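S.K.: Please find the sequence and the predicted model below.
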Amino acid sequence: MVARALLGKVLLRRLPEGLAAVRITEVEAYLGVGDAAAHTFGGRRTARNETMWGEAGRLYVYFTYGMHHCANVTTRAPGQPEAVLLRGGVVVAGAEMVRARRRRSAGSRLLDGPAKLCQGLGIDRTLDGADVTVPGEVWLADDGAVVPRNRICARVRVGVAYAGAAAAWPLRFVLDLEP
DNA sequence: TCTAGGATCGGCT
DNA sequence: GCCGATCCTAGAT
């Protein structure tokens, strides 16, 4: 599954102040038209989620709760609107920049939620549709870090209680970095 | 055009 | 641990 493969990868972001890098430690999979928790459930296709329906390896950024952005990476061919929500990570480079953008809270809670990730890296709707497979404004890289399978935990997704049975699917993957 | 609700966060008890 | 903020989006009228 692509969601597991994304754990341990490094998300790079080119900011006016410099380059920031985050190792991804928490993701959630959204399985397209058959997933009641996904924006594309039942084949919904709108201006907002158009990116979901396109090429794999693109950034899908959406706005929610009136104040938060969340970032996904699409994983399938056009016509298969599946994506992985980036829920959290740890800063591996450019920590000063990220902390400056997340002034209110810091420490281990710097990037422990999808909206915080976007805020810390300056990701918003202008980056929707960006190609993350090649270096640019924002992209994904593999620095060769080994991710032991026994450090990956599958959990129930968060914040999708409205989705009925789909809410109980174990599609949230957490990389346990603690000893 | 109108209205309801949300893939959340942070402050307060 | 619980609750309120806040505004965009989508579906209904």
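M.R.: Yep, that arrived. No experiment lies behind these values; they were computed from the predicted model shown.

S.K.: could you point out the longest strand in chain A?
M.R.: strand A:18-30 (DSSP state E).

S.K.: Can you name the element that comes right after that one?
M.R.: strand A:59-64 (DSSP states H and E).

S.K.: end-to-end on stretch A:142-157?
M.R.: 25 Å (Cα to Cα, to the nearest Å).

S.K.: buried ones in stretch A:73-87?
M.R.: A:V73, A:T74, A:T75, A:R76, A:Q80, A:P81, A:E82, A:A83, A:V84, A:L85, A:L86, A:R87 (16 or more other Cβ atoms under 10 Å). Glycine gets a C-beta too; all of them are placed from N, C-alpha and C.

S.K.: Quick check: chain neighbours aside, which residue is closest to the fifth one?
M.R.: To tie it back to what came earlier, the one meant is A:Q80. A:G32 (6.0 Å; Cβ to Cβ, 6 or more residues apart in numbering).

S.K.: contacting residues for that neighbour?
M.R.: A:G32 is in contact with A:A38, A:T40, A:F41, A:M52, A:R76, A:Q80, A:P81, A:E82, counting by Cβ atoms under 8 Å, 6 or more residues apart in numbering.

S.K.: Go again with 6 Å.
M.R.: By Cβ atoms under 6 Å, 6 or more residues apart in numbering, the contact set of A:G32 is A:T40, A:Q80, A:P81, A:E82.
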